[in-house]
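Asker: Predicted model, plus sequence, below.
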There are 2 protein chains.
Amino acid sequence: MIKQFRGSPEEADLRRADSLAREIFSDVANKWAFLIIETLGERTLRFSELRNEVEGISHKMLTQNLRMLERNGLVERKVHPTVPPRVEYTLTEPGQALRATVDGMCGWTHQYLGHIEASRSRFDA
Amino acid sequence: MIKQFRGSPEEADLRRADSLAREIFSDVANKWAFLIIETLGERTLRFSELRNEVEGISHKMLTQNLRMLERNGLVERKVHPTVPPRVEYTLTEPGQALRATVDGMCGWTHQYLGHIEASRSRFDA
DNA sequence: CAGGATCCCGCCGGATACTG
DNA sequence: CAGTATCCGGCGGGATCCTG
């Protein structure tokens, strides 16, 4: 990504920004994060609701990814101090922005389902 | 995703399509695949060129992901029967379509870099 | 109900060596 | 140069138990 500015004073900053970008990319570009974002959509859901709707996710993976998303400011975590506790998750504005991308990928998947299935059959032969 | 059509004759097909979609999603929604797609862009690159440009990827991960992408019909693999061998990889049309999504995510990352960094600092405190 | 802590198995993925 | 095969350490992630 960085090819120019070799040795220039801006270089250090650019490298930092670049490595941070890569780090964020690694965090977020994972299957579970995407599915969570997609499931949340514009709704507000509780932990257990997410657990039920994101098919196949384990307790642990859900908490881990929610923490990660919260840390990066993509979801807001709201705790209601009741008993039993009630914790709600909502996409923030950056989260919503990313959701547009994830939506795009879902659309892509459905659009090319046929192509892909055919390609697989060809390849596996 | 599937809520309607319970018990209808279409149900089986829908379930298949759905599970296939999830499978594709799991395949493709991973860091290395994204970075490879992004790196390829509109160019045609050799194995070793990819290895150099996709920073930090190992030999093994590169081959694995290229195979996966080829199998799903996202990249075309062209072998030149010369010695030494020359193998070139190019995004197919479905691959290009997905690249649009990945590009979107890259843009997103850079756009919200500041927000995210700030959010992290807050969270880590 | 939300979620930390722990245990532990499986496989992910890096390093290395070998073929065409 | 591109790619397969093998080995193996580390951690990913599931299952389970425990708190507020």
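Answerer: Perfect, I can see it now.
Asker: Strands along chain A, start to end?
Answerer: Taking DSSP state E as the test, the strands found in chain A are A:44-46, A:75-80, A:86-91.
Asker: Is the second one positioned near DNA strand C?
Answerer: Yes - between strand A:75-80 and DNA strand C, judged by CB under 7 Å from any atom of the strand, the touching residues are A:77, A:79. Using the backbone N, CA and C atoms, a C-beta is placed for each residue, glycine as well.
Asker: Just give me the neighbour total for residue A:99.
Answerer: Residue crowding around residue A:99 was assessed by other CB atoms under 10 Å in any protein chain shown; the count is 19.
Asker: Leaving out sequence neighbours, find the closest residue to it.
Answerer: Nearest residue to residue A:99, sequence neighbours excluded (CB to CB, 6 or more residues apart in numbering or on different chains): residue A:37, at 5.3 Å.
Asker: Residues of chain A that sit close to DNA strand D?
Answerer: Applying CB under 7 Å from any atom of the strand, we find that chain A lies next to DNA strand D at A:57-61, A:84-85.
Asker: Go again with 6 Å.
Answerer: Proximity of chain A to DNA strand D (CB under 6 Å from any atom of the strand) is limited to residues A:58-61, A:84-85.
Asker: Between the residues you listed, which sits nearest DNA strand C?
Answerer: Of all those, DNA strand C sits closest to residue A:84, with 3.5 Å by CB to the nearest atom of the strand.
Asker: Check whether the residue nearest to residue A:99 really touches residue A:94, as I assumed.
Answerer: No - shown here, residue A:37 and residue A:94 do not form a contact pair, counting by CB atoms under 8 Å, at 10.8 Å.
Asker: highest average neighbour count across the strands of chain A?
Answerer: Of all the strands of chain A, strand A:86-91 has the most neighbours on average by mean count of other CB atoms under 10 Å in any protein chain shown, namely a mean of 17.
Asker: Could you check the angle it makes with strand A:75-80?
Answerer: Between the axes of strand A:86-91 and strand A:75-80, defined by axes from the mean of the first three to the mean of the last three CA atoms, to 10 degrees, the angle is 160 degrees.
Asker: What's the mean pLDDT across strand A:86-91?
Answerer: Within the predicted structure, the mean pLDDT of strand A:86-91 is 97.
Asker: wait, what's in contact with the residue nearest to residue A:99?
Answerer: Applying CB atoms under 8 Å, 6 or more residues apart in numbering or on different chains, one finds that residue A:37 lies in contact with A:69, A:74, A:91, A:95, A:98-99, A:102.
Asker: if we go to 7 Å?
Answerer: Applying CB atoms under 7 Å, 6 or more residues apart in numbering or on different chains to residue A:37 gives the contacts A:91, A:95, A:98-99, A:102.
Asker: Over to residue A:35?
Answerer: residue A:54.
Asker: one more time with 10 Å, if that's ok
Answerer: Residues in contact with residue A:35, defined by CB atoms under 10 Å, 6 or more residues apart in numbering or on different chains, are A:50, A:53-57, A:61, A:65, A:102, A:106, B:22, B:25-26, B:29.
Asker: Give me the distance between it and DNA strand C.
Answerer: Plainly put, residue A:35 is 16 Å away from DNA strand C if you go by CB to the nearest atom of the strand, to the nearest Å.
Asker: follow-up on the earlier one: distance to residue B:118 added to the strands of chain A, as a markdown table?
Answerer: Written out in a markdown table, the entries for the strands of chain A read as follows (distance: least, CB to CB, whole Å):
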| stretch | distance to residue B:118 |
| --- | --- |
| strand A:44-46 | 23 |
| strand A:75-80 | 14 |
| strand A:86-91 | 18 |
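Asker: Show the contacting residues for the residue of chain A found nearest DNA strand D.
Answerer: Of all residues in chain A, residue A:58 sits closest to DNA strand D, with a separation of 2.9 Å (CB to the nearest atom of the strand). With contacts taken as CB under 10 Å, 6+ apart, residue A:58 has the following neighbours: A:32, A:51, A:64.
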